[in-house]
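**Q** Structure of the sequence below:
(one chain, ligands or ions: 1)
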Amino acid sequence: MSTTTFSPSAAFQETAVASPALFDAARSDYEGFWADQARRLLTWEKDFTEVLDWSDAPVARWFADGTLNACVNAVDRHVDSGHGERIALHFEPESGEAESYTYAQLKDLVCQVANALVELGVQTGDRVAIYLPMGVPAVVSMLACARIGAPHSVVFGGFSADALRSRIEDAGARLVITSDGQYRGGKTLPLKSAVDAALADADIEDVRVLVHRRTGMDVAFQEGRDIWWHDIVPAQSTSHDAVVVEAEHPLFILYTSGTTGKPKGVVHTTGGYLTQAAFTHLNVFDVHPESDVYWCTADVGWITGHTYVTYGPLVNGVTQVLYEGTPATPHKGRWWEIVEKYGVTILYTAPTAIRTCMKWGPQFPREYDLTSLRVLGTVGEPINPEAWLWYYREIGGERCPIVDTWWQTETGAIMISPLPGLTTLKPGSAQQPLPGVDVRIVDTLGDPIEDETPGLLVVATPWPSMLRGIWGDPERFAETYWSRFDGLYFAGDGARFDEDGDIWLLGRVDDVMNVSGHRLSTAEIESALVAHDAVAEAAVVGASDDTTGQAVVAFVILREAYVEQADEEGEGGDLVAALREHVRSEIGPIAKPRDILIVPELPKTRSGKIMRRLLRDVAEHREVGDVTTLADSSVMDLISKGLGS
Ligand code: WT7
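**A** The predicted structure follows:
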């Protein structure tokens with residue numbers, strides 16, 4: 001197969017931040033390479049003497065005897081070095097007045113929030129849950145937690161009260177920071193009420209709630225537990241002595257879906273995480289902090305928002321845009337209007353968003369001046385070459401390199417990506433591991449594959465921003481990532497090399513779905529479905545979808561008492577609608593199945609394992625594959641007949 005490639009322009013090569021010397025340095029001494037980056041990119045309170053300690057594998061320790069503070073690195077040092085007047089954040093609300101904060105103003109506000117947290121009794125090491133819409137309070141709350149050494153656990157504002165409760169309980173949070181509500185897609189949606197519902201049945205005591213007023217909507221207040229942000233934050237001093245922590249002090253916990261129903265609390269620590277966050281942000285996006293305006297469209301509720309909104313860009317001292325709303329509110333040119341308004345130079349988004357814009361048509365971006373853009377990025381799922389080329393032409397004006405960045409919540413930062421000015425780009429491929437990152441493709445026995453045979457993606461040596469564990473569950477950590485192959489990190493993705501040695505990602509090889517770049521577990525949605533009265537059994541698959549990459553399709557066996565109702569109503573009936581709503585309220589809108597199919601049986605192997613491969617065939621309207629391992633091969637006829645296909 002021949003692919004069109006795009007060589008870097010001469011002008012770009014001249015000013016590129018990344019250089020081939022990085023690869024040479026990392027190849028000859030990879031620990032030394034990361035130590036150099038750590039010293040060059042971060043300000044340490046006390047320098048480290050040891051780089052990597054892997055003696056307690058699979059738990060790595062990087063720069064362990066060094067000390068620092070993440071918030072000082074993201075904020076204070078820019079003020080101290082004379083850049084206090086540089087804009088840190090341009091906040092663009094969905095509607096209404098925009099606000100901008102300089103690094104000096106950001107520092108004042110972060111110190112006030114840090115002092116407020118202390119007044120609320122939060123101590124170094126305590127966990128703080130953050131359930132806020134995209135905006136300045138969310139970023140500031142994360143930084144304030146980092147400032148006092150209290151690990152934050154950000155919960156995406158689109159998650160339900162149930163999902164929030166399990167995360168608050170699992171992390172043992174002492175405080176929840178939230179807002180009355182949020183603006184999204186032209187609607188005003190409540191948030192605080194979900195915190196009330198979560199805490200009402202939570203198996204946890206003495207949790208305080210700090211409430212930012214965003215919408216002005218009415219909220220219930222519990223005396224002694226809840227406090228308004230405006231009643232405590234503005235009264236605080238704008239100075240605060242940051243708590244200096246060890247490099248391995250936990251910076252945050254972020255929950256992500258795995259192959260079981262229970263989300264995993266991925267733990268990241270301070271020194272190594274910040275090193276790789278800053279290094280990748282700088283080199284992958286070709287950041288020139290004095291002139292760039294950077295915009296990552298991810299919400300801080302996801303890892304992309306942690307590493308490439310809060311930490312990477314601020315540690316590098318860049319000016320960035322934070323946008324609260326959706327791409328279509330109030331009109332489909334909204335994103336491009338924002339690019340023009342701020343002169344955005346670097347844009348980082350997800351393939352699903354690009355495909356959506358493609359569907360809307362090029363007339364929307366063409367209405368705006370996008371010539372400020374220099375570098376474009378994508379993350380979350382493979383980008384199909386067609387969407388890549390559209391992004392390249394319509395948004396990048398055929399000038400801007402596109403970096404297709406592969407990484408995960410667990411890797412903390414980008415691992416595989418082209419580098420602007422260095423890499424000859426190949427649409428659809430994430431291409432090459434970054435310097436200091438040892439990615440390989442292996443077969444099912446763990447033996448390296450060097451030809452073009454598809455295999456499994458693994459990482460062979462520790463990297464600074466790797467997860468340090470799963471909160472409270474060291475066994476699951478070892479089992480999930482390190483038990484498949486001895487000494488190799490198992491990412492859960494399929495991949496292959498092409499004839500040039502570039503890497504193509506082939507999607508998940510486990511029961512994890514990727515819907516609009518968000519990770520969902522089949523087991524989690526199945527357990528939400530069977531929690532409904534009407535459902536006896538459920539199986540969920542990710543079926544390919546033109547816009548969202550994958551879509552949730554559920555196969556459901558009903559309890560006797562509901563079968564007649566379902567028969568009468570058919571597919572568009574109330575019962576199916578009620579089940580979709582149920583998943584939404586148990587997990588959140590992103591998990592709502594696109595299709596729910598009522599079936600009499602599910603295809604199972606003799607050992608009782610559901611054969612999702614066959615269900616995926618049905619969901620994608622394909623000829624059903626090999627059924628010989630089914631306990632009862634007539635089941636597939638029943639399922640297909642029931643669907644009238
Ligand atoms: C999974 C991780 C990392 C932030 C967003 C998602 C898929 C991610 C790519 C890419 C192909 C990708 C993988 C990975 N993925 N980026 N550029 N090309 N696939 O983070 O929720 O932790 O999901 O997203 O399957 O394992 P996440």
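
**Q** So what touches the helix or strand of the chain with the lowest mean pLDDT?
**A** Ranked by mean pLDDT, DSSP states H and E, the helix or strand of the chain with the weakest confidence is helix 635-642, at a mean of 72. Helix 635-642 has contacts (Cβ atoms under 8 Å, 6 or more residues apart in numbering) with 555, 597-604, 614-615, 618, 624, 627, 630. Backbone N, C-alpha and C define where each C-beta goes, glycine included.

**Q** Next one: whichever residue of the stretch 151-300 of the chain sits closest to the ligand relative to residue 479, how far apart?
**A** Closest residue of the stretch 151-300 of the chain to the ligand, Cβ to the nearest ligand atom: residue 256 (5.3 Å). Separation of residue 256 from residue 479 (Cβ to Cβ, to the nearest Å) stands at 16 Å.

**Q** Neighbour count: these two, which is higher?
**A** Using other Cβ atoms under 10 Å, the more surrounded residue of residue 256 and residue 479 is residue 256, with 20 against 12.

**Q** The more buried one contacts residue 268, doesn't it?
**A** No. The criterion here is Cβ atoms under 8 Å, and residue 256 misses it with residue 268 at 11.7 Å.

**Q** Can I get stretch 522-538 as CSV, trimmed to CA atoms?
**A** The C-alpha trace of stretch 522-538 is given here as CSV (Å, rounded to 0.1, in the frame of the first residue of the first chain):
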residue,chain,number,x,y,z
THR,A,522,-17.9,-3.3,28.4
ALA,A,523,-18.1,-4.9,31.9
GLU,A,524,-19.0,-1.5,33.5
ILE,A,525,-21.9,-0.9,31.2
GLU,A,526,-23.1,-4.6,31.4
SER,A,527,-23.2,-4.3,35.2
ALA,A,528,-25.2,-1.1,34.9
LEU,A,529,-27.7,-2.8,32.6
VAL,A,530,-28.2,-5.9,34.8
ALA,A,531,-28.8,-3.6,37.8
HIS,A,532,-32.1,-2.7,36.0
ASP,A,533,-35.1,-4.7,37.0
ALA,A,534,-36.0,-5.7,33.5
VAL,A,535,-32.6,-7.2,32.6
ALA,A,536,-31.6,-10.8,33.2
GLU,A,537,-28.3,-10.7,31.2
ALA,A,538,-26.5,-8.2,29.1
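
**Q** in that stretch, what's buried?
**A** 522-530, 532, 534-535, 537-538 (16 or more other Cβ atoms under 10 Å).

**Q** taking those residues one by one, which sit in helices?
**A** If you go by DSSP state H, the buried residues of stretch 522-538 have 522-530 in helices.

**Q** Rebuild these as TSV, extending it with distance to residue 489 and pLDDT.
**A** Output for these, formatted as TSV (distance: Cβ to Cβ, whole Å; pLDDT from 0 to 100):
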residue	distance to residue 489	pLDDT
522	23	90
523	22	86
524	23	88
525	26	92
526	27	90
527	27	87
528	30	91
529	32	93
530	32	89
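
**Q** Go through those and say which is closest to residue 49.
**A** The closest of these to residue 49 turns out to be residue 524 (Cβ to Cβ; 43.5 Å).

**Q** Next, the contact list for the closest one, please.
**A** Contacts of residue 524 by Cβ under 8 Å, 6+ apart are 257, 260-263, 587, 591.

**Q** Taking these, please make a PyMOL selection of just the buried ones.
**A** Buried residues within the contacts of residue 524, by 16+ other Cβ under 10 Å, are selected in PyMOL with:
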select buried, resi 257+262+263+587+591
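
**Q** Which ones among the contacts of residue 524 lie within strands?
**A** Counting by DSSP state E, no part of the contacts of residue 524 is found in strands.

**Q** For the contacts of residue 524, give me JSON lines that also has distance to residue 78 and pLDDT.
**A** Below are those laid out as JSON lines (distance: Cβ to Cβ, whole Å; pLDDT from 0 to 100):
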{"residue": "257", "distance to residue 78": "36", "pLDDT": "87"}
{"residue": "260", "distance to residue 78": "42", "pLDDT": "77"}
{"residue": "261", "distance to residue 78": "43", "pLDDT": "76"}
{"residue": "262", "distance to residue 78": "40", "pLDDT": "85"}
{"residue": "263", "distance to residue 78": "35", "pLDDT": "90"}
{"residue": "587", "distance to residue 78": "39", "pLDDT": "92"}
{"residue": "591", "distance to residue 78": "39", "pLDDT": "94"}
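
**Q** can you tell me which of the contacts of residue 524 are in helices?
**A** Those of the contacts of residue 524 lying in helices (DSSP H): none at all.

**Q** next structured bit after the helix of greatest length in the chain?
**A** Longest helix of the chain, by residue count under DSSP H: helix 103-119. Using DSSP states H and E, the helix or strand that directly follows helix 103-119 along the chain is strand 128-131.

**Q** For the helix or strand that that following strand is followed by, which helices and strands make contact with it?
**A** The helix or strand immediately downstream of strand 128-131 is helix 136-148, counting by DSSP H and E. Judged by 3 or more Cβ pairs under 8 Å, 6 or more residues apart in numbering; DSSP states H and E, helix 136-148 is in contact with helix 70-71, strand 87-92, helix 103-119, strand 128-131, strand 152-154, strand 175-179, strand 250-256.

**Q** hmm, try it at 7 Å
**A** Judged by 3 or more Cβ pairs under 7 Å, 6 or more residues apart in numbering; DSSP states H and E, the packing partners of helix 136-148 are helix 70-71, strand 87-92, helix 103-119, strand 128-131, strand 152-154.

**Q** where does the residue nearest to residue 246 when sequence neighbours are not counted land on pLDDT?
**A** Once flanking residues are discounted, residue 246 sits nearest to residue 67: 5.6 Å by Cβ to Cβ, 6 or more residues apart in numbering. Looking at residue 67, its pLDDT is 98.

**Q** Residue 439 contacts residue 432, correct?
**A** No. Counting by Cβ atoms under 7 Å, residue 432 is not a contact partner of residue 439; they are 8.8 Å apart.

**Q** The two: who's more crowded?
**A** Counted by other Cβ under 10 Å, residue 439 and residue 432 do not tie: residue 439 has more neighbours, with 22 against 19.

**Q** Return the distance of residue 441 relative to residue 348.
**A** In this view, residue 441 and residue 348 are 26 Å apart by Cβ to Cβ.

**Q** Equivalent analysis for residue 593, please.
**A** 29 Å.

**Q** Find the nearest non-adjacent residue to the residue of the stretch 151-300 of the chain closest to the ligand, please.
**A** residue 409 (4.3 Å).

**Q** now swap in residue 423 and tell me
**A** Of all residues not flanking residue 423 in the chain, residue 431 sits nearest, at 6.0 Å (Cβ to Cβ, 6+ apart).

**Q** before we move on, back to that, tell me the one among the ones in helices among the buried residues of stretch 522-538 nearest to the ligand.
**A** residue 524 (13.2 Å).
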